[in-house]
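In: Sequence first, then the predicted structure, then my questions.
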Amino acid sequence: LGGGTFDVSLLDISDGVFEVLATAGNNRLGGDDFDDRIVNWMAEQFAAENGGIDLRKDKMAHQRLRDAAEKAKIELSGVMSTAISLPFITADATGPKHFEATLTRAKFDELTHDLVRKTMEPTEGKFDFSLFREVVDKCRERGMMVIMGTPGATPPLWLSNKHPDVYGERIDGVKRFHGARQDCCYSHDEYLHLALRITKKMAEEFAKDENVIGWQIDNEISSSKDNMFCVCPRCVKNFKSWVSNLYGGDVKKFNREVGTYVFSSSIDSFEELHRPYQQWTHPGYLALWRRFQFHLAEQYVQNQYDAIKLYTDKPVGTDIMPFYHTYSYEHVAGSTDIVQFNQYFRDSEYYRMEFWANYLYNLKKKPYWLTETSCCWNGSVTSLFMRHKGFINMNGWMNLAGGAESVNYWLWRTHYAGHELMHGSVI
């Protein structure tokens, strides 16, 4: 890591001649960037304690900050904290000013964490499917088939840090954040673009693997998480356009058919539409918002499907749960190749499976895939309930008789960390 660049060059040295064969890295990242973070931290600390005086506007003071920053950075390579002392750094009408502070290694890491990530991933868009390649190859060697899932539901940390607004806003005003799944806003153009990009790369990598017999788009996609899913400004903007198109730009038709005379909800322009709130809201308005979120989720699935089908003719679907409020299963079934279903009914409510099997088969008039079902007990951080003896046989045959052509278990092998450690597994 030099003063102004982070890169590597491959040279050929022969008879005193240096020939650059290749170079790669980030030529805009260097040690100076780390120094700048410390300088800015010191300047902000000083300004907060001294009436907003910005030392960076004073050339001499700024240079002293830079010298101190480089010294502190070097010291923190071997100690957990370092003292910074800059007496007489500046002066005002009240007299001379001094700067005293302690910079810990933890604080330094916090100030520079994004720069460190850039040294580990110098160029955005580099993909590593080696783990999945190993699994697919070993499965093929053992005669095992694979349904490949796409990763758009859980974006990497670098994306979250670069685009913190990629996460949705709940109806109670709380912003979602990195670390869960299905929390990204389907109105965020950059998220949609990057999710498509990695899906295309995966499809390109595994399209020719004969033992990859199908594809699953994300996992249990929902447009109704936390009641109304996302109510961010992007969604509000798109909602206005969607409703206007739905009613052909006719505001009077909207008012009449929704019945906006209730609660003084009539509008004069579609620009007056707003996000839903946690209050007793017109049910017709809430229904429109849900339909709009359905539309976003369905469009996401469609775009992912189209991307995969550019590379393979294997069946593509997305796994659904036994709920009716996530999006239109009929629409999604009509735009994908195979219906995929996950179910974890308790023994006492298992009778519901018969009705769902009939519904799933008739979505496309063809067999469905049971992509997830439990083999013993359910659980996440705690174990919830144990299956009765004979459940696995009953569950498998019930689905096969009801129209499934495959039964897959969650989990196949026990997790070693994270969620659902207490979920039962085959192994």
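Out: Arrived safely. Numbers count the residues shown, from 1 in each chain.
In: ok, which stretches of the stretch 251-400 of the chain are strands?
Out: For the stretch 251-400 of the chain, applying DSSP state E, counting those that start in this stretch gives strands covering 316-317, 319-320, 340-343, 368-373, 377-379, 383-386.
In: counting residues per strand, which one in the protein is longest?
Out: In the chain, taking DSSP state E as the definition, the longest strand is strand 81-92.
In: buried ones in it?
Out: Going by neighbour count (16 or more other C-beta atoms under 10 Å), the buried part of strand 81-92 is Thr82, Ile84, Leu86, Ile89, Thr90. In this view, the C-beta of every residue, glycine as well, is placed from N, C-alpha and C.
In: and the next helix or strand after it, what's its mean pLDDT?
Out: Once the chain leaves strand 81-92, the next helix or strand it forms, by DSSP states H and E, is strand 95-104. For strand 95-104, the mean per-residue pLDDT is 93.
In: likewise stretch 383-395?
Out: 85.
In: got the buried residues for it?
Out: Under 16+ other C-beta under 10 Å, the buried positions of stretch 383-395 are Arg387, Phe391, Ile392, Asn395.
In: what do you get for stretch 136-148?
Out: Within stretch 136-148, the residues scored as buried using 16+ other C-beta under 10 Å are Val136, Val146, Ile147, Met148.
In: So which of those is the closest to Leu55?
Out: Taking C-beta to C-beta as the measure, Leu55 sits nearest to Met148 out of those, at 54.8 Å.
In: Backbone dihedrals for that closest one, please?
Out: Met148 adopts backbone torsions of phi -90, psi 130, taken as degrees, to the nearest 10.
In: Let the chain start at 54 from now.
Out: Sure thing, new numbering starts at 54, so read that last one as Met201.
In: any idea how far it lies from Met451?
Out: Applying C-beta to C-beta, to the nearest Å, the value for Met201 to Met451 is 27 Å.
In: Leu416 too?
Out: 18 Å.
In: for Phe347, same thing?
Out: Noted for Phe347: a distance of 29 Å to Met451, by C-beta to C-beta.
In: Next: Ile106.
Out: Separation of Ile106 from Met451 (C-beta to C-beta) stands at 74 Å.
In: same thing with Phe376?
Out: 20 Å.
In: the more surrounded of these two?
Out: Higher neighbour count among Phe376 and Met451: Met451, with 16 against 11, using other C-beta atoms under 10 Å.
In: Tell me the spatial nearest neighbour of that one, not counting adjacent residues.
Out: In space, and not counting its chain neighbours, Met451 is closest to Met406: 5.9 Å by C-beta to C-beta, 6 or more residues apart in numbering.
In: what ranges do the helices span in the stretch 254-403 of the chain?
Out: In the stretch 254-403 of the chain, the helices defined using DSSP state H, counting those that start in this stretch lie at 286-299, 304-311, 336-362, 382-388.
In: Just the buried residues of stretch 189-201: which are in strands?
Out: Among the buried residues of stretch 189-201, the members falling in strands are Val199, Ile200, Met201 (criterion: DSSP E).
In: List the residues that contact the second one.
Out: By C-beta atoms under 8 Å, 6 or more residues apart in numbering, the contact set of Ile200 is Val265, Ile266, Gly267, Trp268, Gln269, Trp422, Thr424, Asn461.
In: filter the residues you listed to the buried ones?
Out: Val265, Gly267, Trp268, Gln269, Trp422, Thr424, Asn461.
In: ok, now how distant is the third one from Gly370?
Out: The reference is to Trp268. As defined by C-beta to C-beta, Trp268 lies at a distance of 7 Å from Gly370.
In: can you check the fifth one too?
Out: When distances are taken as C-beta to C-beta, Trp422 and Gly370 turn out to be 7 Å apart.
In: swap in the last one?
Out: Computed as C-beta to C-beta, the Asn461 to Gly370 distance reads 13 Å.
In: Return every residue with contacts to both of those two.
Out: Both Asn461 and Gly370 are in contact with Trp422, where contact means C-beta under 8 Å, 6+ apart.
In: Arg117 and Phe141 touch, don't they?
Out: No: under the criterion of C-beta atoms under 8 Å, Arg117 is not in contact with Phe141, lying 9.6 Å apart.
In: so what's Arg119 up against?
Out: Taking C-beta under 8 Å, 6+ apart as the contact definition, Arg119 lies against Asp88, Val92.
In: Surely it is in a helix?
Out: Yes: the assignment for Arg119 (DSSP: H, G, I helix; E, B strand; the rest coil) places it in a helix.
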